[in-house]
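1. quick check, what structure comes out for this input:
(2 chains)
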Amino acid sequence: MPTRTIRVDTLARVEGEGALKVVIRDGAVESAQLRIFEPPRLFEALLRGRAYTEAPDITARICGICPVAYQMSAVHAMENALGVTVAGPLRDLRRLLYCGEWIESHTLHITMLHAPDFLGYDGAIAMARDHGDAVRRGLALKKAGNDIMTVLGGREIHPINVRVGGFYRAPRKRELAALAGRLERARDAALEMVRWTSGFEFPDRERDYTFVALRHPEEYPFNEGRIVSNRGLDIPAADYEANFAQMQVARSTALHSRLREGGSYLTGPLARYHLNFDRLSPIAREAARAAGLGRSCTNPYRSIVVRAVEVLYACDEALRIIGRYEEPDEAAVTLEPRAASGLAATEAPRGLLYHRYRLDAGGTITEARIVPPTSQNQAAIEEDLASLIGGFLELPQDALRNRCEQTVRNYDPCISCATHFLRLESVRL
Amino acid sequence: MRRPAPRIVVIGIGNADRGDDAAGPALLDRLRGRLPVHVELIEQRGESTALLAQLQDAGAAYLIDACRSGRPPGTVRRIDALASSLPRDGHHCSTHGFGVSQALELARALGLLPGRCVVYCIEGASYDPGAPLSAPVRMAIDTLAARLIAEIGA
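-> Predicted structure coming up:
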């Protein structure tokens, strides 16, 4: 049996640094490993000794793509510790900010990073020469997300207006109303993006995933809900660590996550969609059906369509929130520090993001635990490669390498978050 | 009816808290009040799609960015983006590896580059968090400010 080696020194179009090694022996995939060599970022240690009020701004720096997710999990965990619930318009504003981030993050991944895989281009720039309208639409959509972030968060990345208890400044009603026209156009563009992605050619591959996501009684989940799975799990966030384990593996500076009862699981768009289809708004559900998605999607390559459906939902939800917004009396609720522990899980664009903190009597952080979605999805990514790539071994060398990269990008992995990821090395033995 | 004059934008790209990466924003500070009022000074932290949006309806754009190409600190290079591409290595900023040079190439592919698009690259010495501008970069900024006032104000 001849030996062939496929190597990509840096896997592009993912955030962070890592490598992928696929070992193919006697015509079958023997193993697939993600090797994450992005240096450990030590954020959990960095937070110790800092005031509880600093957590949203410090943790936002974990990621330039999904800073709101870190801010939201941080503020909810602190409020959980201090016995405060933020409701009414401030709660709505948090959902609106999350809408902005989902629109930004998903649209960037769909248009700039993942679509070139399906259309046969090396990247967005080459794709833009032939698919200019789709790229312009993506840019306009992303700008709508940026606009929400700027109005509500103070700037398009790393918002500076989020605080434990609420915001430093609540927007005026007219400021949000000014976004409505742009978001209506964005919603139309998102609907077009769902149609566009649904027309791609998808490898016919399915996997029987354990999906894990938040579920809320009424809403498609952003900030709140119980942690549920398609295998019967239904727990409050407080039971997260009792049900999910993190462990070190030698090949990765990011911890791996497993279910304590055994097995990998999947968080993110496919999981949210499966577990919350009935919570999507009517326009998003109808667009999903028209795009050929059922109530569940277990083909990871179709995750790009599910992401587009979530962008559509986020635009729709943002418009709903803006339509009913009434300015709050105060931009934040008052909190008094105390010795306490608190935790929260929210839905980052890439999936479940869990934070837990312990505070001393003065509100200083003495312990921090952060479990990002890419960390939780690493095992599922490796299993996808091991089980799905075997069907593509007849592909020429370059096409097989591209398929491996596309498979990883199904997850929109954020390695910087998880190391807190990619070179591809494929060895045939 | 007179058509509005095309927008002229000067975009200073960088992080004000990362040593010489602050060259772009610091240059804007030198230009304030010294250019015709219709010239927009825009601070940009390198978010590439926001940068694209700012280029989209501009008639002329001047981008100022710190770079790391191995040249002596303070070296200023003028690149006509309409005539040539930006070297990719010196302008990396990580939003999924999509930085300033890629943003300009995407604008070129989409036909969104302004009729005039000039990039000034200032070679930095240090990009340490919280560090001040290095002396060579401070000097380069002063010289470049005068050059831009002559180029844009004329």
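
2. for whichever residue of the stretch 101-250 of chain A sits closest to chain B, list the residues it contacts.
-> With CB to the nearest CB, the shortest gap between the stretch 101-250 of chain A and chain B falls at residue A:128, namely 3.9 Å. Where C-beta positions appear, they are placed from N, C-alpha and C, glycine not excepted. Residues in contact with residue A:128 (CB atoms under 8 Å, 6 or more residues apart in numbering or on different chains) are A:135, B:106, B:109-110.

3. OK, contacts around residue 71?
-> In the absence of a named chain, this looks at chain A. Contact partners of residue A:71, counting by CB under 8 Å, 6+ apart, are A:56-57, A:59-60, A:159, A:162.

4. oops, I was thinking of chain B
-> B:77, B:123.

5. ditto for residue B:128
-> Here residue B:128 is in contact with B:18-19 (criterion: CB under 8 Å, 6+ apart).

6. list the buried residues in the longest strand along chain B.
-> Counting by DSSP state E, the longest strand found in chain B is strand B:58-67. In terms of neighbour count (16 or more other CB atoms under 10 Å in any protein chain shown), strand B:58-67 has its buried residues at B:58, B:60-67.

7. roughly how far does the residue of the stretch 101-250 of chain A closest to chain B sit from residue A:135?
-> Shown here: residue A:128 relative to residue A:135, a distance of 4 Å by CB to CB, to the nearest Å.

8. who wins on neighbours among the contacts of residue A:128?
-> Among the contacts of residue A:128, the one with the most neighbours (other CB atoms under 10 Å in any protein chain shown) is residue B:106, at 26 neighbours.

9. and what about residue A:49, helix, strand or coil?
-> At residue A:49 the chain is in coil, as set by DSSP: H, G, I helix; E, B strand; the rest coil.

10. can you pull the phi/psi pair for the residue lying closest to it once chain neighbours are set aside?
-> Nearest residue to residue A:49 in three dimensions, chain neighbours excluded: residue A:364, at 6.3 Å (CB to CB, 6 or more residues apart in numbering or on different chains). When read as degrees, to the nearest 10, the backbone of residue A:364 gives phi -80, psi 140.

11. do you know how far residue A:364 is from chain B?
-> 22 Å (CB to the nearest CB, to the nearest Å).

12. may I see the buried residues of the host helix or strand of residue A:29?
-> Assigned by DSSP states H and E, residue A:29 belongs to strand A:28-36. Neighbour counts using 16+ other CB under 10 Å place A:29, A:32-36 of strand A:28-36 among the buried residues.

13. what of stretch B:69-77?
-> Neighbour counts over stretch B:69-77 (16+ other CB under 10 Å) mark B:73-76 as buried.

14. could you dump stretch A:55-63 to CSV, C-alpha only?
-> What follows is stretch A:55-63, C-alpha atoms only, in CSV (Å, rounded to 0.1, in the frame of the first residue of the first chain):
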residue,chain,number,x,y,z
ALA,A,55,-15.2,40.4,34.4
PRO,A,56,-17.3,41.5,31.4
ASP,A,57,-14.6,43.7,30.0
ILE,A,58,-11.7,41.3,30.7
THR,A,59,-13.5,38.2,29.4
ALA,A,60,-14.6,40.1,26.3
ARG,A,61,-11.0,40.2,25.3
ILE,A,62,-11.0,36.4,24.9
CYS,A,63,-12.5,36.8,21.5
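
15. quick one: the helices in chain B?
-> Along chain B, the stretches classed as helices by DSSP state H are B:23-31, B:48-56, B:100-109, B:135-153.

16. which one of those helices has the lowest average pLDDT?
-> For these, mean pLDDT drops lowest on helix B:48-56, to a mean of 84.

17. so which residues make contact with it?
-> For helix B:48-56, contacts defined as CB under 8 Å, 6+ apart pick out A:108, A:139, A:142-143, A:146, A:156, B:9, B:11, B:13, B:42, B:44, B:61, B:93, B:95, B:98-100, B:102-104, B:106-107, B:112-114, B:117.
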